[in-house]
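1. the sequence and its predicted three-dimensional model are supplied below.
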Amino acid sequence: MMSRKFARNGEQKGFGIEYINALYGYALMLTRNKVEAEDLVQETYARALEAQHRLRDDSNIKGWFFTILRNIWLNQMRKRKLGPQLVDVDGEECGADLLPGHTRNSQEILISKENAEQVQSAIGRLSAEFREVILLREFEELSYQEIANVLNCPAGTVMSRLGRARAKLRTLLAEMSSQPLNSGKDSR
């Protein structure tokens with residue numbers, strides 16, 4: 001047990017680096033600001049490196065990083081006494097655009113890009129608590145218990161919140177798909 005902890009301390013430079021993109025995506029979803037997200041991830045890694053000696057051998061390191069990041073963000077929000085600010089994020093660098101494509105031709109690529117943009121837009125319209133649980137489950141693939149640990153709530157709350165978030169997301173996507181593409185033209 002001790003040797004594993006010492007090995008972690010000896011490998012500080014690479015500790016948790018495999019989670020950096022996921023953490024940045026989560027931070028960007030929380031802050032809705034690229035610079036603040038970068039700062040949040042940097043602070044997360046600084047605190048994780050300081051505290052890594054306290055990890056047990058059976059620790060869920062990925063969930064631990066997400067918990068640290070969220071706690072830092074919550075503390076920042078408390079200090080500011082503001083809620084999260086919503087700003088538009090251009091579609092080129094968001095999480096939905098980073099999903100690997102499994103398309104074969106240009107038409108499928110276009111349809112996939114349009115679908116990803118619709119999903120991204122719909123997720124952006126969700127409340128912060130719903131966006132957060134969707135991101136952690138669907139994009140980061142954390143278990144219900146891992147999400148519960150990150151959000152500091154019971155797993156049952158995670159499940160019900162996720163169910164409500166998915167229902168709201170389906171409604172938003174249905175509304176978006178029913179809107180006419182050419183709003184100025186009558187298509188009879």
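-> In hand now; what should we look at? This structure is a prediction, so every number in the text was calculated from the model and none was measured.
2. can you list contacts of the helix or strand where L172 lies?
-> Per DSSP states H and E, L172 falls inside helix 155-178. Residues outside helix 155-178 that contact it (CB atoms under 8 Å, 6 or more residues apart in numbering) are 118-119, 121-123, 125-126, 129-131, 133-134, 137, 144-145, 147-148, 151. Any C-beta I mention is one placed from the backbone N, CA and C, and that applies to glycine too.
3. the residues you listed in helices, which ones?
-> 118-119, 121-123, 125, 129-131, 133-134, 144-145, 147-148, 151 (DSSP state H).
4. can you get me a residue count around R170?
-> R170: 11 surrounding residues under other CB atoms under 10 Å.
5. send the alpha carbons of the helix holding L172 over as PDB?
-> Output of helix 155-178 as PDB, limited to C-alpha atoms (Å, rounded to 0.1, in the frame of the first residue of the first chain):
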ATOM      1  CA  ALA A 155     -27.600   8.600  -5.900                       C
ATOM      2  CA  GLY A 156     -31.400   8.700  -6.000                       C
ATOM      3  CA  THR A 157     -31.300  12.500  -6.500                       C
ATOM      4  CA  VAL A 158     -28.800  12.000  -9.300                       C
ATOM      5  CA  MET A 159     -31.100   9.500 -11.000                       C
ATOM      6  CA  SER A 160     -34.200  11.700 -10.700                       C
ATOM      7  CA  ARG A 161     -32.300  14.800 -11.800                       C
ATOM      8  CA  LEU A 162     -30.900  12.900 -14.700                       C
ATOM      9  CA  GLY A 163     -34.400  11.600 -15.700                       C
ATOM     10  CA  ARG A 164     -35.800  15.200 -15.600                       C
ATOM     11  CA  ALA A 165     -32.800  16.500 -17.500                       C
ATOM     12  CA  ARG A 166     -33.200  13.900 -20.200                       C
ATOM     13  CA  ALA A 167     -36.900  14.600 -20.500                       C
ATOM     14  CA  LYS A 168     -36.300  18.400 -20.700                       C
ATOM     15  CA  LEU A 169     -33.600  17.700 -23.300                       C
ATOM     16  CA  ARG A 170     -36.000  15.600 -25.400                       C
ATOM     17  CA  THR A 171     -38.600  18.300 -25.200                       C
ATOM     18  CA  LEU A 172     -36.100  21.000 -26.300                       C
ATOM     19  CA  LEU A 173     -34.800  18.900 -29.200                       C
ATOM     20  CA  ALA A 174     -38.400  18.200 -30.300                       C
ATOM     21  CA  GLU A 175     -39.200  21.900 -30.200                       C
ATOM     22  CA  MET A 176     -36.000  22.700 -32.200                       C
ATOM     23  CA  SER A 177     -36.600  20.100 -34.800                       C
ATOM     24  CA  SER A 178     -40.200  21.300 -35.300                       C
END
